[in-house]
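Enquirer: Sequence and predicted structure, then a few things I'm wondering about:
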Amino acid sequence: MTSTDAPPRLTRLTFHGPLSEARATRIVARAAEALTAADRPTVLDLGCGWGELTLRLLEAAPSATAVGVDLNEEDLERGRVLARARGLADRVEFAAESATDTARGPADVVLCLGSAHTLRPADAAPPHTADALRALRRLVRPGGRVVLGEGFWERTPTAAELAAMWPDARADEHLLLGDLTDAAVAAGFRPMWVETANAEEWEEFESAYLADTEVWLAANAGHPLAARARERADRHRATWLRGYRGLLGIAYLTLVPVD
């Protein structure tokens, strides 16, 4: 890297969320059950980023194909590069398109990891989880699996705690974990598995999220882009450590559609 380069982006993250290797392996194994049972198994990844979990599903189910949709072309290209490197390029499409009202699917496995907000109607009021779950129910085939990675409140945050989070953070933006699971049942699912990211997974994610920028800033303090990068990194760290740390959880729900 030279001093004229911008900070690298998220190269230390395997998953774009607080998800350990061990948990990812277990999630893939459960979801792959629906792929091995299908005749022409398919995966749909909504808000896929670079699609790491989808690529692992394809490795676990050699007859499966997949589509990932996202609006970030840089992430999509990273997914294409990873697919080529792992011999999966002919079995996966990374499409630059919105997940809202998608014409893709239905699929045997639908992934929605940290992307439920992309499924809501434009004029919907928070929380958006019920809207997302209804959309996911339409997109999964009978006997399939939905893996939903969704935020929830560990407890209802106070006004002062919300003020330390992201702009316009609201107490009704997320559900409590029990209410989130109930919403999945109301949308036509049975919760096969309910699990949540632990503190170590959160710390690994948040540190890796900022690490590239922090290393770059240490070596390029006078760079024309440094002030903006420093402000964004400092704001994100403060939002985490002084705001949602210990309050915002991530649940990984493996859901089975009710016939």
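Expert: Sure thing, it's come through.

Enquirer: For Ala159, give its distance to Ala226.
Expert: Using CB to CB, to the nearest Å, Ala159 is found at 34 Å from Ala226. (C-beta placed from N, C-alpha, C; glycine too.)

Enquirer: between those two, who's got more neighbours?
Expert: A direct count of neighbours by other CB atoms under 10 Å for Ala159 and Ala226 places Ala226 higher, at 17 against 8.

Enquirer: would you list every one of the strands in the stretch 101-250 of the chain?
Expert: Taking DSSP state E, counting those that start in this stretch, the strands of the stretch 101-250 of the chain run over residues 107-113, 140-153, 175-176, 189-196, 248-257.

Enquirer: what about this structure, any weak spots by pLDDT?
Expert: Judged by pLDDT under 70, the chain has its weakly predicted residues at 1-4, 122.

Enquirer: If you count neighbours, what's buried in stretch 156-169?
Expert: By neighbour count on 16 or more other CB atoms under 10 Å, the buried set for stretch 156-169 is 157, 161-162, 164-165, 169.

Enquirer: Kindly report the same for stretch 26-45.
Expert: Within stretch 26-45, the residues that qualify as buried are 27-28, 30-35, 38, 41-45, counting by 16+ other CB under 10 Å.

Enquirer: can you list those in a markdown table and add secondary structure and distance to Val256?
Expert: As requested, the buried residues of stretch 26-45 are exported to a markdown table (DSSP: H, G, I helix; E, B strand; the rest coil; distance: CB to CB, whole Å):
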| residue | secondary structure | distance to Val256 |
| --- | --- | --- |
| Ile27 | helix | 14 |
| Val28 | helix | 16 |
| Arg30 | helix | 10 |
| Ala31 | helix | 11 |
| Ala32 | helix | 14 |
| Glu33 | helix | 10 |
| Ala34 | helix | 8 |
| Leu35 | helix | 14 |
| Ala38 | coil | 14 |
| Pro41 | coil | 16 |
| Thr42 | strand | 17 |
| Val43 | strand | 16 |
| Leu44 | strand | 16 |
| Asp45 | strand | 18 |
